[in-house]
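In: Here's a sequence, model it:
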Amino acid sequence: MNHVGNDIVDLKAPEINGKALDNRFVQRVLNPDEQQMVLNSDHADCLLWAFWAAKEAAYKAVSKSFPDVSSSPRRYPVGFEVGFDSDQTLNILSGVVNTPHGAVTVKLILNENYVHCIGLTGPVNSLKSIVFGMDEISPEKIPGTDSVSEIESLFTRNLAKKHIASCFQVNEQDIQIIRQKEDNRINPPMVYVKGKKQDIDISLSHDGRFAAFAFLRG
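Out: Predicted coordinates for the structure are as follows:
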């Protein structure tokens, strides 16, 4: 069974800017070849976080079949197709992440505000079966809580539920997305409709101003 992963990074978050100059962090998350690419890039921060998002998406995808797999970013080397638009904006279209349990194909959407990566185990052409999207988090849409982390999580789940309802022609109010605890570990999210578990592989992420999701149509 193919598994999907996704990750989003808010490129305007204060802790993001200039991180490519943090040698300790760069050496912790990138292998030597990736470090050299960032060092030589005119878009060092963007490339760093593109690598990060790809590694995170790949880890999330492969860990569904191998829960004990290492999450160390350096164990997930990334190969990208990299180019530049006419205005010299970094444009990363696709790539492959080699994980400890095989390759994960990834696709990235990157602009000046965020980088969003989706990844999938299995055949490359299976990427077409992924439904994905993102939105800017709106706290006013989540009444009844002042917790930032809860607002982000609820907004992300609600965003995914809206698209699942549209894709599978079910009532949005009948959908639940649940992460269960098992052996001191939080399992990946599962989709339920009217209390019945669905065969819908899903991945959720949020960072800073943005929430994102990806799921398989089946």
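
In: Now do the strands in the protein.
Out: Counting by DSSP state E, the chain has these strands, from start to end: 4-10, 78-84, 90-99, 102-110, 114-121, 130-136, 175-178, 181-182, 185-186, 190-193, 196-197, 202-207, 210-216.

In: Those: lowest mean pLDDT?
Out: With a mean of 74, strand 78-84 has the lowest mean pLDDT of the strands of the chain.

In: still on that earlier bit, out of the strands of the chain, the one nearest Gln27 is which?
Out: Each of the strands of the chain has some distance to Gln27 by Cβ to Cβ; the shortest is strand 78-84, at 15.6 Å. From N, CA and C alone the C-beta is placed, and that goes for glycine too.

In: Contacts for stretch 63-72, please.
Out: Residues outside stretch 63-72 that contact it (Cβ atoms under 8 Å, 6 or more residues apart in numbering): Met1, His3, Tyr59, Val62, Thr99, Pro100, His101, Thr121, Arg185, Asn187, Pro188, Asp201.

In: Please repeat the previous calculation with a cut-off of 10 Å.
Out: 1-5, 28-29, 55-56, 59-60, 62, 75-76, 99-102, 121, 182-183, 185, 187-188, 201, 203 (Cβ atoms under 10 Å, 6 or more residues apart in numbering).

In: okay but Pro139 is in contact with Phe155, surely?
Out: Yes. Between Pro139 and Phe155 there is a contact under Cβ atoms under 10 Å: 7.8 Å.
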